[in-house]
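**Student:** Below: sequence and its predicted model.
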Amino acid sequence: MAGTNPQSRDWNWLHVVLLVVMVGTLFYCSWINNRTVIRGYELNDLRAEEKRLLEEQDKLQAELATLLRPQNLARLARKLGLREPQAGHKVVLP
């Protein structure tokens, strides 16, 4: 039993506990860093998608403005067989 005093055993347990805490902290920090990088990639993908959708929205708004022009509406109405109402068919609301 020589060389195994209680203080030495307590000191060794303290070292083991500290080592486990340090290794755990290292793994936790690595995991957090990994999650941060993954979230960064996801954020970049979402920003690219937002940019694409905004460009598509602008394109669709321009197309809608073109389609709603009076000249286009008149052409589409004639294409559908619609025509100007006759004088007696118009009703003006107050």
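**Tutor:** On my side now, so go ahead. Numbers count the residues shown, from 1 in each chain.

**Student:** Could you measure from residue 54 over to residue 48?
**Tutor:** Residue 54 sits 11 Å away from residue 48, going by C-beta to C-beta, to the nearest Å. Every C-beta, even on glycine, is put in place using the N, C-alpha and C of the backbone.

**Student:** after the helix or strand hosting residue 44, next one along is what?
**Tutor:** Taking DSSP states H and E as the definition, residue 44 sits inside helix 6-67. Helices and strands here follow DSSP H and E; after helix 6-67, the next one along the chain is helix 70-79.

**Student:** Residues contacting that following helix, please?
**Tutor:** Outside of helix 70-79, the residues within contact range by C-beta atoms under 8 Å, 6 or more residues apart in numbering are 66-67, 83.

**Student:** ok now it, how far from the chain's centre?
**Tutor:** 40 Å (C-alpha atoms, centre = their mean, to the nearest Å).

**Student:** picking up where we left off before, for the helix holding residue 44, enumerate the helices and strands it packs against.
**Tutor:** Using 3 or more C-beta pairs under 8 Å, 6 or more residues apart in numbering; DSSP states H and E as the contact criterion, the neighbours of helix 6-67 among helices and strands are helix 70-79.

**Student:** The helix it packs on to helix 6-67, inter-axis angle?
**Tutor:** Our comparison of helix 70-79 with helix 6-67, counting by axes from the mean of the first three to the mean of the last three C-alpha atoms, to 10 degrees, yields an angle of 70 degrees.

**Student:** Show me which residues of helix 70-79 are buried.
**Tutor:** Across helix 70-79, burial judged by 16 or more other C-beta atoms under 10 Å covers no residue at all.

**Student:** By neighbour count, sort out the buried ones in the contacts of helix 70-79.
**Tutor:** Here, 16+ other C-beta under 10 Å leaves nothing buried among these.

**Student:** Switch these over to JSON lines; also include pLDDT.
**Tutor:** Compiled in JSON lines, the contacts of helix 70-79 are given as follows (pLDDT from 0 to 100):
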{"residue": "66", "pLDDT": "90"}
{"residue": "67", "pLDDT": "87"}
{"residue": "83", "pLDDT": "84"}
